[in-house]
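Asker: after the sequence you'll find the predicted model.
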Amino acid sequence: ACGKSSSEPPAGEGSSAGGTAAGTIRLGLVGGGMTPMVAQIGLSDGSYEQAGIQVEENDFTAGADMVQALVGGSLDVVLGSYEHVLRQQQNGLGVKAYGEIFNGVGYALIVKQDAPYQSLADLKGTTLAVTKVGSLSDTGLREGLKEAGIDPEKEVQLINGGSGATMLAAIESGQAAGGMVSEPTISQMLATGNYRILYDPPFDYAGIVIMAKSDWVAKNEELMKLFLKVTAEINDRAQQDAAGAVEAMAKTFNQIPRDVLESAVHNQLVKVPAGLEVTKDGAAYVQKTQLDQGILKKEIAYDETVDLSLLP
Amino acid sequence: MANDSQPKLSIRDLAVEYKSKGRQTVALEGVRLDVRDGEFVSVVGPSGCGKSTLLKVVAGLLQPAAGTASIDGKPIEGVPDQIGMVFQNDALLPWKTVTDNVRLPLAIKGLPEKEQLRETERLLKMVGLEGFGSFFPKQLSGGMKKRVALARTFAYDPEIYLMDEPFGPLDAQTRVKIGEQFLRMWDAVGKSVLFITHDIEEAIAMSDRVIVMSARPGRIKAEFDVRLARPRPFYDIRFDPVFKELQKEIWAQMADETTGGDS
Amino acid sequence: MANDSQPKLSIRDLAVEYKSKGRQTVALEGVRLDVRDGEFVSVVGPSGCGKSTLLKVVAGLLQPAAGTASIDGKPIEGVPDQIGMVFQNDALLPWKTVTDNVRLPLAIKGLPEKEQLRETERLLKMVGLEGFGSFFPKQLSGGMKKRVALARTFAYDPEIYLMDEPFGPLDAQTRVKIGEQFLRMWDAVGKSVLFITHDIEEAIAMSDRVIVMSARPGRIKAEFDVRLARPRPFYDIRFDPVFKELQKEIWAQMADETTGGDS
Amino acid sequence: MAAKKNKGAARSASFREREYSKTSVWLGRLVVLALVLGLWEVLSGRAFNSFWLSKPSLIGGRIVEMIGDGDLWFHMSVTLQEAIGGLAIGMIGGTLLGVGLAFSGIFEKWIYPYMMALYSLPRVSLAPLFIVWFGIGLTSKIIMVVAMVIFVAFYNAFEGIRNIDKDLMDMMSTYKAKWTHKLRWVVLPSITVWLLTSVRLNIGMALIGSVIAELVGSNRGLGYYITYSSNMLDTTGIFTGLVLIMAIAVVLEQLVLLIERRLLRYR
Amino acid sequence: MAAKKNKGAARSASFREREYSKTSVWLGRLVVLALVLGLWEVLSGRAFNSFWLSKPSLIGGRIVEMIGDGDLWFHMSVTLQEAIGGLAIGMIGGTLLGVGLAFSGIFEKWIYPYMMALYSLPRVSLAPLFIVWFGIGLTSKIIMVVAMVIFVAFYNAFEGIRNIDKDLMDMMSTYKAKWTHKLRWVVLPSITVWLLTSVRLNIGMALIGSVIAELVGSNRGLGYYITYSSNMLDTTGIFTGLVLIMAIAVVLEQLVLLIERRLLRYR
Ligand SMILES: Nc1ncnc2c1ncn2[C@@H]1O[C@H](COP(=O)(O)OP(=O)(O)OP(=O)(O)O)[C@@H](O)[C@H]1O
Ligand SMILES: Nc1ncnc2c1ncn2[C@@H]1O[C@H](COP(=O)(O)OP(=O)(O)OP(=O)(O)O)[C@@H](O)[C@H]1O
Ligand SMILES: [Mg+2]
Ligand SMILES: [Mg+2]
């Protein structure tokens, strides 16, 4: 079942593959969610292995931890949010995005079916849960609230809600009026009939990107190219054959009912950008939110953080 | 004092076995002993013969394997109300000062604090420890600790005194002094006493009766009535011919024991 | 034995103070004492006068406030090689069996295990405890524990024996028996002994010299040479007139002390 | 000897000395277990929402399922490796540190407060840093467990030494015992009670440590399984993981008990 | 008395008895602190990437900054409330439980293994249940701290009672002491050493507990601050939070030391 689907490579030096295409990649992703679905399908149906890439999967509960591991040299490639690329660049650590596998925030605000709120504007004065303050779900919600004319600092309380069961507990027990939830939890919650989506951030937003340290890529350019190529192929296949994608995902998410999974996979697929390209607009939007929150001190050029040249 | 009433303490066919981690030691066997109300009985016997064990049974701290021990005709179940014990080790509370250790039984009885302190003062004086009230046991010498333990039992003032080598680590003079005081107290109120000692002279000087025990497993080997008038001069009595005679007899009994029995 | 050579142990103007948590107790003051090589010296004195303290200074376990103690002319720094001590409390290792407790000094010396066990066997027999080798201290009576502690010190076989009431909780007969054996051993090899006891007769019967200490703060009050031929019959010597005379004198010295000094 | 025969051996009538028969002890335990599980099973879905507490029967089913497809051992083996490896290293290291520091004179006074300060560091927050420092593999997870375990071991060893009977040490000194002898004959036996306490406390700590370690950068282990299940809103999975961890704890605890019974025979 | 005057009072020449002057102790501590901080400051950015370990000077600056804008107290006060509240409740509850169970006869044998099993539950994984049962307010956070603290308290109290000198309890019995007396005169003083151990271990536990509690459903507290900083990849923030937690631990520890010095005067 879970986790076991990842191939078990010998404990070799992943990054030492040098110029040859085949090699090992130590990959970090936030497990339990579906934002990195394209990669998850590939891991589960063996696409990477067939292409000669040994992928060593490591699951994290938070994107930030994962990025730290990347910079610390424990991971080669990370599927994480674009914000982190910006923050790392600001810290002077050469991390770049080499492709995008999910466009958008990836989280939707879920409230109880019978809750009195109909729009974000109604949420003034409530407590809302995001996965972790400062994370992607947080940024997404803040942007939405601002557009609805609510000051996220003063007029609502944003709390850490975690993910999965913890988040569900926060919403169901009424401790939070709503919470930012990702797939497949969204589909699971909706399937119960007790919840509805109040707000799904609609904007073009550089969400989950394929990031790596530029010096690692310099040494492993072929491997990275191959990885991107295989990933793109998986996406193409999945877009055409959704049932196949569901099949592959079912191996990983074996505790989730098939119909729920289908809806979740469908919701995810539409958000995967064609050709895995990071849009300039999406990247700029992310940059703007980070500047607004004061996390980024100064603007960083698109070229410094995104490199699409390796995409097929 | 009273040599007339039914036995205060009565022990019948008592046997005690220690059974710990598979090993079994018979400490006492077929012990039969009566202590009348107000009687002073001493027990002597070779080291390890079961004297302490006997006291612990009477104190209700050990359950016999066979036989019974009863106080006032009632079999002993748990710790009886009437007894007060001086343990062979002192069993002082290391975290309490001398004063607190002595006033413990008074505090348990619920006496008002002032009275407790007054009584404690008196008793410490009696055992020659005035001025040491605020010391902790660790700061006392071996003999001083024993005296604190004695004072504590005096404070409790039970109906039956069970005393396990109470004067063991005391020098001859202190021994005489405290012995004398205890005897005077006993003369005045007439409690029953079961007294363990290694000093045959002390045993004779104090008791109405001296019991000699045999080596392990302990049995009662001989009993000697001490027919000396009371009140006795605690020290000078030793020069009495009756005393000397008794002393020789008991010594002979015991000498017989040690060479023969103790392994 | 040898009454001729330079002192084995020499104590000069010794003063000891206990200072704990602000309280200050003067335990010894101006103590001056020599023990010649092979001499047997006993110390008697009222409870709490500082006898154990004196031994601890000689054992290097306490630092004097003033004065010096030296062995073979060398001031004592840390625990000297030559001494072996029997503590007033037994200081047995509760987690070791009797055998292990006794063989401890042998194990430290690095004797082969077989020899350790043989020697242990012999010593246990000597103190009347054969068959108890596998007992834990908790399973022994008070007197038996003391005997184990004695056997342990015999196993160490030091040049100077420091013995703090070694026969305290033993009955008269066991006392005589072990005392005799110890004396025989001592006669054979002639070690120096500093021996603390409460039993004046025992002190006289065993020693070349008896020291009487005064009440706290301890000073040396009187010294008595015991001019009795060796080897002495440990028990029967008590009926010697010289013995009786000495006994009376020492008693008088001490009686004076207790009524006067000990507070 | 016509008197009534009592229950046999002399037994202390008093404090904490009674011994109970093995059967009555184990029977009682089973009854308690059955009671808890029974209540849980019956009440779940009735008295409270069964989603949040799952059900013993579901958990049992899941365990059987996991045994069937090999998942159980797959996850459990890693967690065991981390926990036991870390426990061993942490216990030895911490104990040595404690003993060493306790005998280090004034040095102890200098270092000690900082040890306690380090102890209070929340390891959860350190987990990401551990990955940066020690990588992502088994090593970094074992180090996390060590970090959980070492302080309790240190503290108990230290405290044990503070509580050694001074008289016994003095006695050893008079026999000119070298420190190796003191260690073997007095120090170690004296602190055994404390060490056993620390092992027992640390069993739990080690397991918690591996779960925390597996929160970050892992793809197997019971901690991973729990997190994963939580993300899947699969409460049965969460509880299955928890039950398995408890089972490990109970087994390890019983092992320590066996050792304890041997070591503390003298009491 | 012409002999040489030694350093004054009789002092054990042996085991762990030496006392050191206050100045040399505190001076030594300061030197150690200065050394660690100095090395950290100098090496950071030279021997290793300063981003991963921050720098004492940066941390100091951040603390000043936080004092300035009131953030320090804002976060610290909550954490303190949770930690101290939970510590108090957990210590009292755990100790009572330990004492109670130790005196409960065979019942103890039945329950005990389950206590140790519960102890090994990773509290982090229990977060969802805590939210469902106790909400996300102060209560639920205090309960989380209690859940961290109670087992060590329980275990130490229990173990302390197992180690009470049986002779002393017997002695109390012969004076017909009621259990209240036994508790006050023997049991509590006997287990004081153990209780102090458990308080000290639990200071760290309580702080860790509040950090864990603040992982979920919070918007203030040092734990929250650390998590937030971690998400912002703000290592200085992480270390500032950690340093503040350590500071709290040190202060609490010193308080306990003061109490200990009073309670263990008799040694
Ligand atoms: N807790 C115990 N477990 C096992 N055996 C014990 C225990 N206590 C005493 N014994 C054994 O019981 C016997 C009698 O012991 P007891 O303490 O009653 O002797 P005693 O007459 O008081 O000796 P002493 O004069 O030396 O104090 C001894 O042989 C001893 O080994
Ligand atoms: N650790 C200590 N701290 C403070 N004072 C102590 C300490 N040990 C002993 N004393 C004090 O020193 C004095 C002498 O004690 P010591 O043990 O040497 O007496 P002793 O002659 O051996 O008495 P005993 O015959 O009763 O054993 C006593 O008054 C005692 O209060
Ligand atoms: Mg006895
Ligand atoms: Mg003494």
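Answerer: Yep, it's here. Ligands and ions are numbered 1, 2, ... in the order given.
Asker: all contacts plus neighbour counts: C-alpha atoms, from now on.
Answerer: Fine.
Asker: need the contact list for whatever residue of the stretch 51-200 of chain A ends up closest to chain E.
Answerer: Closest residue of the stretch 51-200 of chain A to chain E, C-alpha to the nearest C-alpha: residue A:166 (4.2 Å). Residues in contact with residue A:166, defined by C-alpha atoms under 8 Å, 6 or more residues apart in numbering or on different chains, are D:230, E:127-129, E:131, E:216.
Asker: check residue B:30 too.
Answerer: B:12-15, B:67, B:219, D:1.
Asker: in helices, which of the contacts of residue A:166 appear?
Answerer: D:230, E:127-129, E:131 (DSSP state H).
Asker: TSV for these, including pLDDT?
Answerer: Below are the ones in helices among the contacts of residue A:166 laid out as TSV (pLDDT from 0 to 100):
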residue	pLDDT
D:230	84
E:127	82
E:128	81
E:129	82
E:131	82
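Asker: closest to residue C:74 out of those?
Answerer: residue E:127 (69.9 Å; C-alpha to C-alpha).
Asker: could you find the closest non-adjacent residue to that closest one?
Answerer: Spatially, and ignoring its direct neighbours in sequence, residue E:127 is nearest to residue A:166 (6.4 Å; C-alpha to C-alpha, 6 or more residues apart in numbering or on different chains).
Asker: separation between the one you found and residue A:175?
Answerer: Distance of residue A:166 to residue A:175, computed by C-alpha to C-alpha, to the nearest Å: 11 Å.
Asker: if we can go back for a sec, among the contacts of residue B:30, who's most crowded?
Answerer: Neighbour count (other C-alpha atoms under 10 Å in any protein chain shown) singles out residue B:15 as the most crowded of those, with 30 neighbours.
Asker: element containing the residue lying closest to that one once chain neighbours are set aside?
Answerer: Of all residues not flanking residue B:15 in the chain, residue B:29 sits nearest, at 4.2 Å (C-alpha to C-alpha, 6+ apart). Assigned by DSSP states H and E, residue B:29 falls within strand B:23-36.
Asker: next one: that strand to chain centre, how far?
Answerer: 16 Å (C-alpha atoms, centre = their mean, to the nearest Å).
Asker: after it, which helix or strand is next? Please name it.
Answerer: Assigned by DSSP H and E, the successor of strand B:23-36 is strand B:40-44.
Asker: that next one packs against which elements?
Answerer: For strand B:40-44, the elements it packs on are strand B:192-196, helix B:200-206, strand B:209-213, judged by 3 or more C-alpha pairs under 8 Å, 6 or more residues apart in numbering or on different chains; DSSP states H and E.
Asker: can you map out the strands along chain A?
Answerer: A:23-30, A:53-60, A:77-81, A:95-103, A:108-112, A:127-130, A:157-160, A:178-181, A:195-199, A:206-213 (DSSP state E).
Asker: same thing with chain B?
Answerer: Going by DSSP E, chain B shows strands at B:7-20, B:23-36, B:40-44, B:62-63, B:66-71, B:74-75, B:83-86, B:160-164, B:192-196, B:209-213, B:220-225.
Asker: what's the closest of the ones you listed to residue B:233?
Answerer: When the strands of chain B are compared by C-alpha to C-alpha, strand B:40-44 sits nearest residue B:233, at 15.8 Å.
Asker: before we move on, back to that, put together a markdown table for the helices and strands packed on strand B:40-44, with distance to chain C, mean neighbour count and mean pLDDT on each row.
Answerer: Below are the helices and strands packed on strand B:40-44 laid out as a markdown table (distance: least, C-alpha to the nearest C-alpha, whole Å; neighbours: other C-alpha atoms under 10 Å in any protein chain shown; pLDDT from 0 to 100):
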| stretch | distance to chain C | mean neighbour count | mean pLDDT |
| --- | --- | --- | --- |
| strand B:192-196 | 10 | 25 | 91 |
| helix B:200-206 | 8 | 22 | 87 |
| strand B:209-213 | 11 | 23 | 91 |
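Asker: center of chain B - which residue?
Answerer: The C-alpha lying nearest the average C-alpha coordinate of chain B belongs to residue B:163 (C-alpha atoms, centre = their mean; 1.7 Å).
Asker: name the spans of the chain whose pLDDT lies under the cut-off.
Answerer: This is for chain A. For chain A, the stretches with pLDDT under 70 are A:1-21.
Asker: my bad, the chain I had in mind was chain D
Answerer: Ranges of chain D meeting pLDDT under 70: D:1-19.
Asker: for it, which helix is longest?
Answerer: Max-length helix for chain D by DSSP H is helix D:71-102.
Asker: any residue of that one touching chain A?
Answerer: Yes. Applying C-alpha under 8 Å from any C-alpha of the partner chain, one finds helix D:71-102 in contact with chain A at residue D:71.
Asker: and the next element down the chain from that helix?
Answerer: Next along from helix D:71-102, by DSSP H and E: helix D:106-119.
Asker: other SSEs contacting that following helix?
Answerer: By 3+ C-alpha pairs under 8 Å, 6+ apart, helix D:106-119 packs against helix D:71-102, helix D:138-162, helix E:22-43, helix E:188-214, helix E:235-263.
Asker: what sits up against it?
Answerer: So helix D:106-119 is contacted by D:101-102, D:151, E:20, E:25-26, E:28-29, E:32, E:204, E:246-247, E:249-250, E:253 (C-alpha under 8 Å, 6+ apart).
Asker: just the buried residues out of those residues, in PyMOL syntax.
Answerer: Here is the PyMOL command that selects the buried residues among the contacts of helix D:106-119 (16 or more other C-alpha atoms under 10 Å in any protein chain shown):
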select buried, (chain D and resi 101+102+151) or (chain E and resi 25+28+29+204+246+249+250+253)
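Asker: ok, what's across the strand from residue B:33?
Answerer: residue B:11 (DSSP bridges).
Asker: okay, residue B:260: pLDDT?
Answerer: Predicted confidence (pLDDT) at residue B:260: the value is 42.
Asker: coming back round to it: out of the strands of chain A, nearest to chain C?
Answerer: strand A:53-60 (49.8 Å).
Asker: that older thread, tell me, what's touching residue A:166 and residue A:175 both at once?
Answerer: With C-alpha under 8 Å, 6+ apart, residue A:166 and residue A:175 have common neighbours residue E:131.
Asker: give me the number of residues near the nearest residue to residue D:247 once chain neighbours are set aside?
Answerer: Computed as C-alpha to C-alpha, 6+ apart, the closest residue to residue D:247 that is not its neighbour in sequence is residue E:117, at 7.2 Å. By the measure other C-alpha under 10 Å, the count of residues near residue E:117 is 21.
Asker: then residue A:173?
Answerer: Residue A:173, neighbours per other C-alpha under 10 Å, totals 16.
Asker: with residue A:309 instead?
Answerer: Residue A:309 has 9 nearby residues by other C-alpha under 10 Å.
Asker: list the contacts for residue 146?
Answerer: By default, I'm working from chain A. residue A:152.
Asker: nope, chain D please
Answerer: Here residue D:146 is in contact with D:86-87, D:89-90, D:206 (C-alpha under 8 Å, 6+ apart).
Asker: do the same with residue A:158
Answerer: Residue A:158 touches A:127-130, A:133, A:152, E:219, counting by C-alpha under 8 Å, 6+ apart.
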